[in-house]
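>>> here is my input; please provide its structure:
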Amino acid sequence: MEIAVLPVGAVEGEILEYLCRALQKAFPEIIIKSPREAIPLPTEAYNAIREQYDSSIILSKLRSFPKSETDRVLGVTEADLYVPSMNFVFGEAHQLWGVAVISLRRLRQEFYEQPSEKRLFLERCAKEATHEIGHTLGLSHCSDSTCVMFFSNSIEDTDRKTSSFCKKCEKSLNAAPSHNL
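Got it, this is the predicted structure:
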């Protein structure tokens, strides 16, 4: 199985490389690759009133990225994302399509008018990327607030959880037919 880490709009190469390494650590039996070409942010996903992008529309664009049946695609964007029922999302995944997207915008300390902290930012990126790929592999949200599959309703939730799966989620992941390990 392969996971493609794909920039949606302009994203620093260093961040994509870090995410590839983090996903390789989280999913050691899966091949992680990062195509260099970015796909543009879909203009139809932009909501001018909210000044955000609808993540579901981005997922539908990622669905058309060429891949085999067992591949997954993780889109990475600087754009602020939302789903209609929420103010924002750090990411979203579609299990049946095998695609996910994460936003870097609210993972940065600067968004909260705090000094930049590169290490913290990259840790947050890794957690959200692992979380969304977990969804594409069949995992649901977890009630363990330290598990990477815990739902992050705030940046504090993301900071509280680890980048690892709890024993229950790890067991489910290894047993999932979509994982094919």
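
>>> could you pull out the buried residues of the host helix or strand of residue 74?
Per DSSP states H and E: residue 74 is located in strand 72-77. For strand 72-77, a neighbour-count test (16 or more other Cβ atoms under 10 Å) marks 72, 73, 74, 75, 76, 77 as buried. From N, CA and C alone the C-beta is placed, and that goes for glycine too.

>>> check contacts around the third one.
Listed by Cβ atoms under 8 Å, 6 or more residues apart in numbering, the contact set of residue 74 reads 3-6, 19, 23, 99-102, 129, 132-133.

>>> so which pair among those residues is furthest apart in space?
The distance between the two most remote of the contacts of residue 74 (Cβ to Cβ) is 15.2 Å, for 19 and 99.

>>> ok so, going back, take the contacts of residue 74 and lay them out in TSV including distance to residue 150, pLDDT and neighbour count.
Listed next are these as TSV, based on distance: Cβ to Cβ, whole Å; pLDDT from 0 to 100; neighbours: other Cβ atoms under 10 Å:
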residue	distance to residue 150	pLDDT	neighbour count
3	21	90	27
4	25	89	20
5	22	93	25
6	25	92	23
19	19	95	26
23	18	95	21
99	21	95	27
100	16	97	29
101	19	98	30
102	15	98	29
129	15	98	27
132	13	98	24
133	15	96	27
